[in-house]
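1. predicted model and sequence follow; I will ask about them next.
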Amino acid sequence: MWAIVLPKPKSPWKKEPTLVSKTSKTSAEAQFKKTQRAEEGAKAMAEYEAEAHATRLKTARLKELRLAKEAADSKAAEGKVGVKASGSKTSKASGAKASSTKAAGTKTPAKKAAKSKEKTVPLSDWLTKESGSGRRG
């Protein structure tokens, strides 16, 4: 006896996984990653702002200290200049001006101009000197 075997009918309640479920899973993962990155970004921004605030406070404190020191130095310089000025013909104002330029380490404009004139060499002279030195250019 021969029997005919028919395939089992598919159950309407049992569904096989489809591509739609995979895309919903990846979109959920993408949304989770996006929110996680946003939280990390907010945390990093808060840290950055805290560092910037601390730096501004530190800078302001150091500026106050510097200005106080400069004021104390200028008062001390005026006191010292006053003692020196009593024996010489210079006044307190010119002595304070001279000490402030020395303290800053700057040169007078006349000295700067003289030094720049000494070092200035015309280009043609420099080229002649370089070609005569035997170097390849």
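-> Yes, it's here.
2. which secondary element of the protein has the worst mean pLDDT?
-> helix 92-104 (a mean of 49; mean pLDDT, DSSP states H and E).
3. where are the low-confidence patches of the protein?
-> For the chain, the stretches with pLDDT under 70 are 1-2, 12-21, 81-118, 135-137.
4. quick one, helices of it?
-> 19-87, 92-104, 109-119, 123-132 (DSSP state H).
5. now do the buried residues in the shortest one.
-> Neighbour-count burial for helix 123-132, with 16 or more other CB atoms under 10 Å as criterion, is recorded at no position. All C-beta atoms are positioned from the backbone trio N, CA, C, and that covers glycine.
6. go on, stretch 24-44?
-> In stretch 24-44, counting by 16+ other CB under 10 Å, buried: nothing.
7. got the CA coordinates for stretch 119-137 in PDB?
-> Extracted in PDB, the C-alpha atoms of stretch 119-137 (Å, rounded to 0.1, in the frame of the first residue of the first chain):
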ATOM      1  CA  LYS A 119      72.900  94.700  10.500                       C
ATOM      2  CA  THR A 120      71.200  95.800   7.300                       C
ATOM      3  CA  VAL A 121      73.100  94.500   4.200                       C
ATOM      4  CA  PRO A 122      71.800  95.000   0.700                       C
ATOM      5  CA  LEU A 123      70.600  91.900  -1.100                       C
ATOM      6  CA  SER A 124      73.000  92.300  -4.000                       C
ATOM      7  CA  ASP A 125      76.000  92.300  -1.600                       C
ATOM      8  CA  TRP A 126      74.700  89.300   0.300                       C
ATOM      9  CA  LEU A 127      74.200  87.400  -3.000                       C
ATOM     10  CA  THR A 128      77.700  88.200  -4.200                       C
ATOM     11  CA  LYS A 129      79.100  87.000  -0.900                       C
ATOM     12  CA  GLU A 130      77.200  83.800  -1.000                       C
ATOM     13  CA  SER A 131      78.100  83.000  -4.600                       C
ATOM     14  CA  GLY A 132      81.800  83.600  -3.700                       C
ATOM     15  CA  SER A 133      81.700  81.300  -0.700                       C
ATOM     16  CA  GLY A 134      81.500  78.200  -2.900                       C
ATOM     17  CA  ARG A 135      78.200  76.800  -1.700                       C
ATOM     18  CA  ARG A 136      75.700  75.500  -4.100                       C
ATOM     19  CA  GLY A 137      72.300  77.200  -4.000                       C
END
